[in-house]
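> with the input below, show me the fold.
(chains A, B, C and D)
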Number of protein chains: 4
Amino acid sequence: MTRFPEEKVFKDPVHSYIYVSDPLIWDLINTRAFQRLRRIRQLGTSYLTFHGAEHSRFAHALGAYELMRRVLSHFHRNTADWPEDQRLWFLGTAAALLHDLGHGPFSHALEHAFHTRHEEWTIRILLEDPQVSQVLARVDGRFGRDVADIVAGRSEHRLLSALISSQLDVDRIDYLIRDAVATGVNYGKLELDRLIRTLRPYSPGSDRTGSGPAPSGDRDMTVVIKKSGVHTVEQYILARYLMYVQVYLHPVTRGSDILLNLILQRALEVHRQGRLAYVPRPLRPFLDKEPGDLEVAEYLALDEAVLVAAFGEWQAEPDPILADLANRFLDRRLCEYLDYPASRPDLWDELQEAAREAGLDPAYHLALDRIAPSPYYHYTKGISVLDERGRLADLSQWSPLVRALSLQEAVYQRLYVAQDLIRPDAGGDRLRRLLQELRHSS
Amino acid sequence: MTRFPEEKVFKDPVHSYIYVSDPLIWDLINTRAFQRLRRIRQLGTSYLTFHGAEHSRFAHALGAYELMRRVLSHFHRNTADWPEDQRLWFLGTAAALLHDLGHGPFSHALEHAFHTRHEEWTIRILLEDPQVSQVLARVDGRFGRDVADIVAGRSEHRLLSALISSQLDVDRIDYLIRDAVATGVNYGKLELDRLIRTLRPYSPGSDRTGSGPAPSGDRDMTVVIKKSGVHTVEQYILARYLMYVQVYLHPVTRGSDILLNLILQRALEVHRQGRLAYVPRPLRPFLDKEPGDLEVAEYLALDEAVLVAAFGEWQAEPDPILADLANRFLDRRLCEYLDYPASRPDLWDELQEAAREAGLDPAYHLALDRIAPSPYYHYTKGISVLDERGRLADLSQWSPLVRALSLQEAVYQRLYVAQDLIRPDAGGDRLRRLLQELRHSS
Amino acid sequence: MTRFPEEKVFKDPVHSYIYVSDPLIWDLINTRAFQRLRRIRQLGTSYLTFHGAEHSRFAHALGAYELMRRVLSHFHRNTADWPEDQRLWFLGTAAALLHDLGHGPFSHALEHAFHTRHEEWTIRILLEDPQVSQVLARVDGRFGRDVADIVAGRSEHRLLSALISSQLDVDRIDYLIRDAVATGVNYGKLELDRLIRTLRPYSPGSDRTGSGPAPSGDRDMTVVIKKSGVHTVEQYILARYLMYVQVYLHPVTRGSDILLNLILQRALEVHRQGRLAYVPRPLRPFLDKEPGDLEVAEYLALDEAVLVAAFGEWQAEPDPILADLANRFLDRRLCEYLDYPASRPDLWDELQEAAREAGLDPAYHLALDRIAPSPYYHYTKGISVLDERGRLADLSQWSPLVRALSLQEAVYQRLYVAQDLIRPDAGGDRLRRLLQELRHSS
Amino acid sequence: MTRFPEEKVFKDPVHSYIYVSDPLIWDLINTRAFQRLRRIRQLGTSYLTFHGAEHSRFAHALGAYELMRRVLSHFHRNTADWPEDQRLWFLGTAAALLHDLGHGPFSHALEHAFHTRHEEWTIRILLEDPQVSQVLARVDGRFGRDVADIVAGRSEHRLLSALISSQLDVDRIDYLIRDAVATGVNYGKLELDRLIRTLRPYSPGSDRTGSGPAPSGDRDMTVVIKKSGVHTVEQYILARYLMYVQVYLHPVTRGSDILLNLILQRALEVHRQGRLAYVPRPLRPFLDKEPGDLEVAEYLALDEAVLVAAFGEWQAEPDPILADLANRFLDRRLCEYLDYPASRPDLWDELQEAAREAGLDPAYHLALDRIAPSPYYHYTKGISVLDERGRLADLSQWSPLVRALSLQEAVYQRLYVAQDLIRPDAGGDRLRRLLQELRHSS
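Residues are numbered from 1 along each chain as shown, chains lettered A, B, ... in the order given. Below is the predicted model of the structure:
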């Protein structure tokens, strides 16, 4: 498969340029399934907290592709025995480009409401979407399936799988930097060029050291880091942690995510009661079908524009709760939040009762958010360090800092409440008193 | 009116932070009319050319406010006779914040299709929107009208008007930098801090030089630049020029703007024929009313989510032209373009006829785009330079570079054509031949 | 003391501009003692590792001043009871500007060779230098002494002292960012604006919370951080750590520092034996006097140009060891290094003997470098966090990450050896064998 | 000649990393002639105006090499017929690395005083320095001579010569960006990646268009730009202009350059009269010999440390003029300057006489600086644009902006005067009056 006589480029605020030399990649970008990613924000509702966070998953997918291109190019230049194999190159770059193809609008809130999983939808689109599967089939008949296996993490190409999804992969590296640039925070700045240069293909059977082992084909290989790069990877681990605690888990964003989820749940409930006045066509299959029965074309028809436009209509729904929730989202009248002490699970029932007295519906005007440590930002293990003498050890053995992150048990628990709806009269007194008490016990 | 005991901030990718100390500004930001700007992109359809250009008018409005805050703070610190007047401060910062309040979705294309003007709508919202007008009235009964006059450029506060809208104003400075950051190009980088520092309030009656004249109230004042800042302002003029030729007037963006306009025009035409199957509720008043009869609440209900969701529906319209245009937008199947020589106006009729033969509708599948010099990026006059001896002269007298821009007569003319729709058989031959001829005569 | 009618500025690659409104600061900058800091690099010999690290202590001193200006301005804007006191402002800004006035060329190596301490020399210059002391005395008779006390950390102005020198001060914040920018590494990037905004003046006697306590004069105050800023301060602590392990303690830099120190020690030794052919005039008092007997003017006459020019001359010294060392520095023929295991102290004697056999002088061609944890980059305690309820606790109680740094016991030990001088014949065999052994035991 | 198994890198504040894969380049960097560039600032005395401008010619030389590496790599990837020739690669990268090898300390001032020319010294060092010539000879016997011819602009390798020295070359591109980063101004920011991508090798005999012509060996080729890159090159031309007017020709820098030149001239004069007390050894040949008689080793022994250390000594010279000039430089007591009207050449004699009356020596305390347009920042012609149809035209034909720069006739003329030396009594009256008059006539 020939390359373009001259590279094509996309101007990118993070990587300066995204370079495309292969018609395969170009044609994948131009499928409607990939263009749809322009209508899905990378950070969901975060733009209500950080107004810069309007960037799309389209941009991130290009970025992950570009990083894969750079990593593989680094392997070509600096690893004597790296296999010169065009199919391997296509597998890596196509998988990086398409790894998020199945994301829906406002991913997590939608997945929660409709029980969809974007990982599964990525695989289905790769294999079932007519355009995408046809472009992939131009390489060969097994190519689409192989890309899907890499994305799903069940491929024999362990090295490519690790570069797509592991504790240190092109997906995360791109989104940390991109989200930091878009929001305007500095926490996600990385030594990107050096981070790429610390990566090494590694073949476990080999006892080679230095610039890389002799692989017997790439299937025995995985990815490790050079020992001299430990501090650069520490910075990445810390950037990840800081981006989570400061941006991804920002209490205002958690609140807007909860709000979005409640809108969808209420709409579903009202619809099941036959009372939903406005149902946008692309949402209907989601409301009426089991998630497993959705067709690929139906899944792809839903985007953030459809949902936000629906919220506009729902402001006029007869159901007052749905109308209020939709309006809250559009006018950004978010709920207030306060720390909820782990020591007071007993309060929850009383709070719900007091909320009812105060004129609130506890199911929609009161929410408890609990954030537990997760492998997305807490590191336990998974990054192997290759030292000068050819020995492997986990990063946590070299870095007390990284170990400290794995010990961190912090669980945040926050109460969100639609305070503006509390009755001003005596009916709201009990709830007001309980909230006051909570503020002081934290 | 008291200030917050502690500043509130918005994290911003351009200015690091936006600082808000006045409850007045805070409450304006929280109106629904202002929050709606989150759902309108600053650069319309440019994101189809530069994938980073997803930033909203909400972000730009905050940025213009922040720059006004810094300019006025610079006047306070460095101009002995600058009036210490809270109302003046409020006028400037509120006008900067709200100057774009009337922008509709995909501004220019929409204005063209429905004959609305965002400048007029800004004034109407300032004066008629219940929330906005009420917050403004907290300063005093004339305040809202005064802000509107400044935005409309008909205020006695000439200095504030000039800072909002002139050849060198906070609106343009913010958007040049912000659009450059979002798209990832370097053309819009400015010496921002120095640019602000070259600005001086100037009172024409005064013969004072140096750090500033003695104004008898701010109404006699206007804004000039110090002579030592001429090169810094040259850079701004050139950044403006480069952003226009490289970003704002990018042929792909012009093409997507034309496409969007054609969608709306076709929808209007089909609707008038009673054939439009899907009419989103917020669009109905735009389709049915004269622009002057629209109410403020109706105008504010339309945003980009509504339009993009409508395009999704229109892909299934019975009218094949509308369905195709809507699909082109969503799947980014843009028309191809070629230079159209000014010397061949005679070709136009033949092209239309050939298009018809080829199975195209010339009104929707063929478009001629003509770009003439404009004061937005061509400078003729308007920036006054104050020299060391107190004399005023226009910037063009000090800068041959700036004069060169005013001489530039370049008029681009480009033909856009939906080439994929040309009949593959003999019917398309004439059009194919004409296009080939055009390519070689440019 | 009046301000300039218009601010003066210095263009700065880190802070965009350094703003000077006070003639006091301007005149201090123009003293010869301060201008001399232009001839002393901020990072000593680091430019031999990172070629960008040519920036001077002059730039850093201006940067520390600018940060103090911004911190005090933040206190003015956001702390209701912050004392409006011009003398306090002068004390803070002058102390920040002058805190490093006593640094000599290639600070640490010189201090080691000649037993000088830059902290003491800063105080002496503040009090004894005719120009500096005279400008300071323009405020009042006690002012110079008060500035010196703040710099020395023995002032009653605890808050200002803490802002100059503590675990979180303007000195370190400036140098971390500045050194990162100059070297080109990303490790020192901080959320600077937010870091400043997390600082709060705090008066221990007060039980006030929120935007700050009511101090009875600034002398009871110290500096704390708001709880919401914990993660921002974590980033600072981590940036500090990463800059130390990746830049300041870089093994190549440690090697060039050792080399420089050996040159000076050898020159001293040769001079004491009456064999030093070339003695640059400004170095003579350092060679001949006890450190306590040096006069201020003598101390100030030595700069990096004098030393580097002397090294040029010393390449032609009759003493072959000095000639070789000087040439190594200028031509950057640095010693090679290898990890030296803590478990093998027994090897040291044998290594020295083998070095002698190999034709080396163990005192000058063999060096052991030992780096132990230090409060400069290991945090134990010292930053107080003020929570929402007005309680104080050390940062380490809020941050497991920061605690992890304090636990880190890592001690590096490295052997530097002038490998190119080892005799190629059998005489060098034993040393070659020992070095080989060391390489494998690490 | 084999490559390193793994690239070596230098961390760079401008290009992130400088990549070195060839032992040839590595060994050239490690020659003493190249290491000496660490002791010569890229911008001479500019650090007295912009304190960040301490960066060395060593950094710039690495940067020019890196850009050449990227340009040639772009040709390899995107030009079908680009010759795959290792010697061509070595010629280009070595010439870029070494093009400034002959620069002396404070280049222009020194060249003026001692009648040396750095271009000639570069050639001499390439051919005569034992280390450099020996490394170059490892490629082949003609290689050193060929590199010298390229640097001298007399090579048959026209394309490489143009990339080293023309109106658009790697030398200028690197220094514009690097000087902008170091000084902290934004004027030099370029769209670097795109600028490189607009370059095309071009073979005049060919009538090929598109991605590049078929060259019959590289000797027939030169470099052109693609028409789509015209605006990107406009930005480069404008950045160049702005950097010249705002940074390189800054009046304070011109003043410090003049001062440095006067110091050297005075020292030469005093030395010829046998009155110079302190003569640093490396300066002696410059004082005693004709420039043509200097040997390469003598030339290389002089660096900025030697000169600055000499100035320190010269503060104590018996000659009061030299002592004062030297002290002015070190303590940054620069002369004041004022615009000198082109219309008043008649004043010059009177000014000199009045200066004598006022106690000044007109030859050392009065200087007239005249800056005329130069091809370094005024563009007339030299950059060829290749349009879509294969025609060549000069950039000025496509760009009115660039034409405007070529028309610019501005000549600055400034008078520098050591105002602090003017006698306070009546003797200084006439000079004071004349200066006052000049200030008002400008």
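
> the stretch 101-250 of chain A: helices as residue ranges?
A:107-114, A:118-128, A:130-137, A:143-152, A:158-164, A:170-183, A:192-198, A:230-243 (DSSP state H, counting those that start in this stretch).

> got those helices as CSV, with mean neighbour count, distance to chain D and mean pLDDT columns?
Using the backbone N, CA and C atoms, a C-beta is placed for each residue, glycine as well. As requested, these are exported to CSV (neighbours: other CB atoms under 10 Å in any protein chain shown; distance: least, CB to the nearest CB, whole Å; pLDDT from 0 to 100):
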stretch, mean neighbour count, distance to chain D, mean pLDDT
helix A:107-114, 19, 32, 88
helix A:118-128, 18, 29, 97
helix A:130-137, 18, 24, 98
helix A:143-152, 22, 25, 97
helix A:158-164, 24, 18, 96
helix A:170-183, 24, 13, 97
helix A:192-198, 20, 5, 95
helix A:230-243, 24, 12, 92
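
> return the residues of chain A in contact with chain C.
Contacts of chain A with chain C, taken as CB under 8 Å from any CB of the partner chain, map to A:185-187, A:189-191, A:231-232, A:234-235, A:238, A:241-242, A:245-246, A:388-389, A:400-401, A:403-405, A:407-408, A:410, A:440, A:442.

> from the residues you listed, which are also near chain B?
Checking these against chain B (CB under 8 Å from any CB), the matches are A:V185.

> which stretch of helix or strand covers A:I18?
strand A:16-20 (DSSP states H and E).

> centre of the chain to that strand, how far?
22 Å (CA atoms, centre = their mean, to the nearest Å).

> what of stretch A:281-301?
With CA atoms, centre = their mean as the basis, stretch A:281-301 stands 22 Å off its chain's centre.

> before we move on, what about stretch A:133-148?
The answer for stretch A:133-148 is 25 Å, by CA atoms, centre = their mean.

> re earlier: dump the helices of the stretch 101-250 of chain A into CSV; add distance to B:V181 as well.
Shown next, in CSV, are the helices of the stretch 101-250 of chain A (distance: least, CB to CB, whole Å):
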stretch, distance to B:V181
helix A:107-114, 26
helix A:118-128, 29
helix A:130-137, 32
helix A:143-152, 32
helix A:158-164, 29
helix A:170-183, 8
helix A:192-198, 18
helix A:230-243, 19
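
> ok, back up a step: just the buried residues of the residues of chain A next to chain C.
Buried subset of those (neighbour count, 16 or more other CB atoms under 10 Å in any protein chain shown): A:185-187, A:189-191, A:231-232, A:234-235, A:238, A:241-242, A:245-246, A:400-401, A:403-405, A:408.

> residues near A:G390, how many?
With neighbours defined by other CB atoms under 10 Å in any protein chain shown, the count for A:G390 comes to 13.

> now the one 3 residues further on
When counting by other CB under 10 Å, one arrives at 13 neighbours for A:A393.

> got it, and A:D12?
Neighbours around A:D12, by other CB under 10 Å: 19.

> same check, this time on the one 4 residues further on
The local packing count at A:S16 equals 17, with neighbours defined by other CB under 10 Å.

> residue contacts, it?
B:184, D:193 (CB atoms under 8 Å, 6 or more residues apart in numbering or on different chains).

> okay, and A:R266 sits in which element?
Using DSSP H and E, A:R266 maps to helix A:251-272.

> which other helices and strands does the helix or strand following that helix contact?
Counting by DSSP H and E, the element after helix A:251-272 in chain order, helix or strand, is helix A:284-288. With contacts taken as 3 or more CB pairs under 8 Å, 6 or more residues apart in numbering or on different chains; DSSP states H and E, helix A:284-288 sits against helix A:251-272.

> mind checking how far the helix it packs on is from the chain centre?
Using CA atoms, centre = their mean, the offset of helix A:251-272 from its chain centre is 19 Å.

> would you mark the buried spots in it?
A:251-271.

> could you do stretch A:405-425 as well?
Result for stretch A:405-425 [16+ other CB under 10 Å]: buried residues A:405-406, A:408, A:413-419, A:421-422.

> for A:R370, phi and psi?
phi -120, psi 120 (degrees, to the nearest 10).

> residues in contact with the closest residue to it other than its chain neighbours?
Using CB to CB, 6 or more residues apart in numbering or on different chains and skipping the chain neighbours, the partner closest in space to A:R370 is A:Q413 (5.0 Å). Applying CB under 8 Å, 6+ apart to A:Q413 gives the contacts A:339-342, A:368-371.

> pick the one among the residues you listed closest to chain C.
Taking CB to the nearest CB as the measure, chain C lies nearest A:D339 of the contacts of A:Q413, at 8.9 Å.

> can you give me phi and psi for that closest one?
Dihedral angles (degrees, to the nearest 10) for A:D339: phi -60, psi 140.

> got the contact list for it?
Per CB under 8 Å, 6+ apart, neighbours of A:D339: A:412-415, A:438, A:442.

> gap between it and A:F50?
Distance, A:D339 to A:F50, by CB to CB, to the nearest Å: 22 Å.

> just A:Y376 next, same as before
For A:Y376 relative to A:F50 (CB to CB), the value is 18 Å.

> between those two, who's got more neighbours?
Neighbours were counted for A:Y376 and for A:F50 using other CB under 10 Å; A:F50 has more, 24 against 14.

> phi, psi for the residue of the stretch 301-442 of chain A found nearest chain C please.
The minimum distance from the stretch 301-442 of chain A to chain C, using CB to the nearest CB, falls at A:A404 (2.9 Å). In terms of degrees, to the nearest 10, the main-chain angles of A:A404 are phi -60, psi -40.

> touching, it and C:S396? I think so.
No: contact criterion CB atoms under 8 Å: A:A404 and C:S396 do not qualify, at 11.2 Å.

> overlap of the contact sets of those two?
C:R403.

> how about the residues of the stretch 201-350 of chain A by chain B?
When proximity is defined as CB under 8 Å from any CB, the stretch 201-350 of chain A approaches chain B at A:280-282, A:301, A:303-306, A:308-310, A:312-313, A:330-332.
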